[in-house]
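Colleague: Need a 3D model of the following:
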Amino acid sequence: MQRLNLELDAQLFELLERSAQANNLSLEEECLRRLGGGKRQSRYVQALVAELRADEEQRRDSEELA
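Modeller: Next up, the predicted model:
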């Protein structure tokens, strides 16, 4: 299983916690639900995933040139 560490501001963390409680999920399950394409995706999480993908693509390109 891959591991993903996220740095979240306190407000976003609190929103994720409330959402997890409302959906009767653990915080981890709520994050996975949102990352996996749940109905109510967080725009912040979508932007973060897009940024991570871009960083990974850039890293791969730089390794290919080396």
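Colleague: give me the number of residues near Glu30?
Modeller: Burial measure for Glu30: 22 neighbouring residues, criterion other Cβ atoms under 10 Å. Quick note: C-beta positions are derived from backbone N, CA and C, even for glycine.
Colleague: can you check the one 5 residues further on too?
Modeller: By the criterion of other Cβ under 10 Å, Leu35 has 16 neighbours.
Colleague: how much space between it and Glu64?
Modeller: The gap separating Leu35 from Glu64 is 27 Å, by Cβ to Cβ, to the nearest Å.
Colleague: Ok, Val45 next?
Modeller: To Glu64, Val45 is 29 Å away according to Cβ to Cβ.
Colleague: And Asp55, by the same measure?
Modeller: Distance from Asp55 to Glu64, by Cβ to Cβ: 15 Å.
Colleague: now swap in Glu7 and tell me
Modeller: 29 Å.
Colleague: which ones are touching the residue nearest the centre of the chain?
Modeller: Geometric centre of the chain, nearest residue: Val45, 4.5 Å, by Cα atoms, centre = their mean. Neighbour list for Val45: Cys31, Arg34, Leu35 [criterion: Cβ atoms under 8 Å, 6 or more residues apart in numbering].
Colleague: what comes up buried for the host helix or strand of the first one?
Modeller: Secondary structure from DSSP states H and E places Cys31 in helix 27-35. Under the neighbour-count criterion of 16 or more other Cβ atoms under 10 Å, helix 27-35 has Glu30, Cys31, Arg33, Arg34, Leu35 buried.
Colleague: Show me the two of those that sit farthest apart.
Modeller: Of all pairs drawn from these, the greatest distance, 9.7 Å, lies between Glu30 and Leu35 (Cβ to Cβ).
Colleague: per-residue pLDDT, the residue nearest to the centre of the chain?
Modeller: Note on Val45: pLDDT of 74.
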